[in-house]
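This is a predicted model, with the sequence first.
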Amino acid sequence: MFALRLPSPCRLSGACGTQRRRLAFRAQEVGCLEPGWLQPSTVDFACGGHSAGVYTHSHCGLIAAMLIVEQLVKHYPTRSGPLVVLDGVDLQLEGGENVAVVGPSGSGKSTLLNIIGALDRPTSGRVLIEGKEIGSLSEGELAALRNRKIGFVFQEHHLLPQCSVWENVLLPTLPLGGAGPEEKRRCWELLQRVGLAERSDHRPAELSGGERQRAAIARALINRPILLLADEPTGNLDQNTAIRVVELLLELQRDYGMMLVLVTHSGRLARKMQRILALDNGRLTPLDQSAGQSHD
């Protein structure tokens with residue numbers, strides 16, 4: 001692996017000489033070679049289908065993957081032998097990108113999201129978030145990663161019934177020391193964005209299904225994650241409400257520059273994403289937008 005040493009605490013690595021030179025020239029053009037602009041990091045850029053790491057410094061505008069899934073395999077033991085759920089899944093996503101994952105029930109969509117979200121471990125393969133392989137992290141480090149870098153929106157809202165909307169949204173700040181002035185300001189801003197500012201003191205039982213899911217979205221974003229994982233977030237909603245919820249997800253995802261992976265059975269919702277991937281027989285296959293109609 002070639003390493004290009006820069007006169008700053010940063011190292012760019014890649015498998016392609018042409019790409020290395022292009023990235024170096026781009027860094028020079030925007031002044032990112034000046035000391036102090038970059039934090040210490042190692043960045044492996046994808047070339048020709050090889051693995052890629054992450055470059056996140058906003059001054060440079062260099063495009064590199066922030067989420068990488070490489071040859072992910074997941075088996076479950078059964079009496080008749082291993083049940084293969086994921087069989088060599090590859091996925092790459094950059095900041096600001098979104099993708100829909102569709103497929104039949106039982107195809108492994110939720111399993112894939114759980115592994116990407118550090119809720120489960122693969123049989124083999126690896127997942128990198130911001131260049132860090134999550135399989136090498138301790139349980140404590142995984143918990144910190146989930147809390148600070150990843151937002152989850154599930155089919156069930158999982159709001160605490162005894163807490164108000166305001167309190168539910170602020171819950172993820174507790175492991176980080178609780179809600180200070182900045183967290184409270186962010187909470188109020190998110191509640192305004194999802195249309196619940198006037199219902200912030202209501203409990204989940206006093207909300208509609210769509211309002212509960214919007215509260216869950218605000219909760220998922222309170223710690224400013226870089227990756228949002230949505231597992232059938234509209235599965236319990238009527239079609240019109242589902243569309244509004246997904247459009248809200250996309251609006252917030254674009255505004256905050258996050259990555260979004262949406263699992264859905266709805267081709268109509270999938271077609272709102274930049275890309276559609278079908279998970280079947282343990283593999284991800286790209287679909288064009290018209291092909292998503294078969295999943296309606």
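Good, I have the coordinates. Residues are numbered from 1 along each chain as shown.

buried ones in stretch 145-161?
Within stretch 145-161, the residues that count as buried by 16 or more other Cβ atoms under 10 Å are 145, 146, 147, 149, 150, 151, 152, 153, 154, 155, 157, 159. No exception for glycine: its C-beta is placed from N, CA and C like everyone else's.

Report the central residue of the protein.
residue 227 (2.7 Å; Cα atoms, centre = their mean).

So that one is in contact with residue 153, correct?
No. In this structure residue 227 lies outside contact range of residue 153 using Cβ atoms under 8 Å: 11.7 Å.

for the protein, what spans make up the helices?
17-30, 109-116, 139-149, 165-170, 181-193, 209-221, 239-256, 267-270 (DSSP state H).

Enumerate the beta-bridge partners assigned to the closest residue to residue 233 other than its chain neighbours.
Nearest residue to residue 233 in three dimensions, chain neighbours excluded: residue 153, at 4.5 Å (Cβ to Cβ, 6 or more residues apart in numbering). Per DSSP bridges, the residues bridged to residue 153 are residue 230.

Report the contact partners of residue 153.
If you count contacts by Cβ atoms under 8 Å, 6 or more residues apart in numbering, residue 153 has them with 213, 216, 217, 220, 228, 229, 230, 231, 233, 249.

again, only using 7 Å
216, 217, 220, 228, 230, 233 (Cβ atoms under 7 Å, 6 or more residues apart in numbering).

Surely the fourth one is in contact with residue 253?
Spelled out, it's residue 228. Yes. In this structure, residue 228 is within contact of residue 253 by Cβ atoms under 7 Å, at 6.2 Å.

Give the residues shared as contacts by these two.
residue 260.

ok, residue 68 touching residue 130?
No. Using Cβ under 7 Å, residue 68 is not in contact with residue 130, being 10.0 Å away.

The two: which has the busier surroundings?
For residue 68 versus residue 130, neighbours defined as other Cβ atoms under 10 Å are more numerous around residue 68 (23 against 19).

Quickly note the distance from the more buried one to residue 283.
17 Å (Cβ to Cβ, to the nearest Å).

Next: residue 224.
From residue 224 to residue 283 the distance is 33 Å (Cβ to Cβ).

More neighbours: these two, which one.
residue 283 (15 against 11).

Report whether the expected contact of that one with residue 88 is present.
Yes. Under the criterion of Cβ under 7 Å, residue 283 makes contact with residue 88 at 6.3 Å.

Can you report how many residues neighbour residue 123?
15.

Phi, psi for it please.
phi -70, psi -40 (degrees, to the nearest 10).

What residues does it make contact with?
Taking Cβ under 7 Å, 6+ apart, one finds 73, 74, 75 in contact with residue 123.

go on, residue 186?
By Cβ under 7 Å, 6+ apart, the neighbours of residue 186 are residue 222.

change it to 8 Å
With Cβ under 8 Å, 6+ apart, residue 186 has these contacts: 222, 224.
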